[in-house]
Structures are given as C-alpha cells and as structure tokens.
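S.K.: here is a sequence with its predicted model. Questions after.
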Amino acid sequence: MLLCTRLIEQIADFTGRITISNGAISVDGRSMIDLLQLAAVSGTVLTIEISGRDAGQLMQRIERLMTTSN
C-alpha cells in the first residue's frame, strides 16, 4: 500500500489521464481503491498509459519510483 500512496503523491499535480493495467483489469491511477484492485505484488508487470501535458515527465517520475521501490 505504501507504493500506491507514493504513486498517488507523484501524480497529484498532474492534470492529464493515467490508466494502470494488470492484464484485463484497468484502473484510474489516481484512486487508491482502484490501485488496490490490481492486486499487484512485487514483480507484477503493469501497463501504464498517460496522456496530457507533461506526460513524459510524469512517466519518468513513475519509472524512478518503481525502480527505487524494489
């Protein structure tokens, strides 16, 4: 749950859209409850789709968060 909290903090100021998927389940990346529904344990491969202004910068922040959280 800590990683979910950190992820939500990273995207708090982002005005675009972020969708995170685990297989057939896709959720809103801004919602803690939605993120928990992914049931993503360490090692799970997630697909992240970001659209909007500064989407590239947000993706870089998320990549850093995911790689430093292992």
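M.R.: Received the coordinates, thanks. Numbering: from 1, shown residues only.
S.K.: got the buried residues for the lengthiest helix in the chain?
M.R.: The helix that spans the most residues within the chain, counting by DSSP state H, is helix 55-68. Judged by neighbour count (16 or more other Cβ atoms under 10 Å), helix 55-68 contains these buried residues: 58, 62. All C-beta atoms are positioned from the backbone trio N, CA, C, and that covers glycine.
S.K.: off-centre distance for it?
M.R.: The chain centre lies 9 Å from the centre of helix 55-68; the measure is Cα atoms, centre = their mean, to the nearest Å.
S.K.: ok, residues contacting that helix?
M.R.: Residues from elsewhere that reach helix 55-68, judged by Cβ atoms under 8 Å, 6 or more residues apart in numbering: 3, 6-7, 10-11, 14, 16, 18, 48, 50.
S.K.: could you measure from residue 55 over to residue 16?
M.R.: Taking Cβ to Cβ, to the nearest Å as the measure, residue 55 and residue 16 are separated by 6 Å.
S.K.: can you classify residue 20 by secondary structure?
M.R.: Under the three-state scheme (DSSP: H, G, I helix; E, B strand; the rest coil), residue 20 adopts strand.
S.K.: got a list of what it touches?
M.R.: With contacts defined as Cβ under 8 Å, 6+ apart, residue 20 is in contact with 26-27, 29, 35, 38, 46-49.
S.K.: repeat that for 7 Å
M.R.: Taking Cβ atoms under 7 Å, 6 or more residues apart in numbering, we find residue 20 in contact with 27, 29, 35, 38, 46, 48.
S.K.: against residue 60, how distant is residue 15?
M.R.: The spacing between residue 15 and residue 60, counted by Cβ to Cβ, is 17 Å.
S.K.: got it, and residue 19?
M.R.: Residue 19 sits 18 Å away from residue 60 when distances are taken as Cβ to Cβ.
S.K.: got it, and residue 51?
M.R.: 15 Å.
S.K.: thinking again about what came up before, of the contacts of residue 20, grab the buried ones for ChimeraX.
M.R.: Here is the ChimeraX selection string for the buried members of those, based on 16+ other Cβ under 10 Å:
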select :27,29,35,38
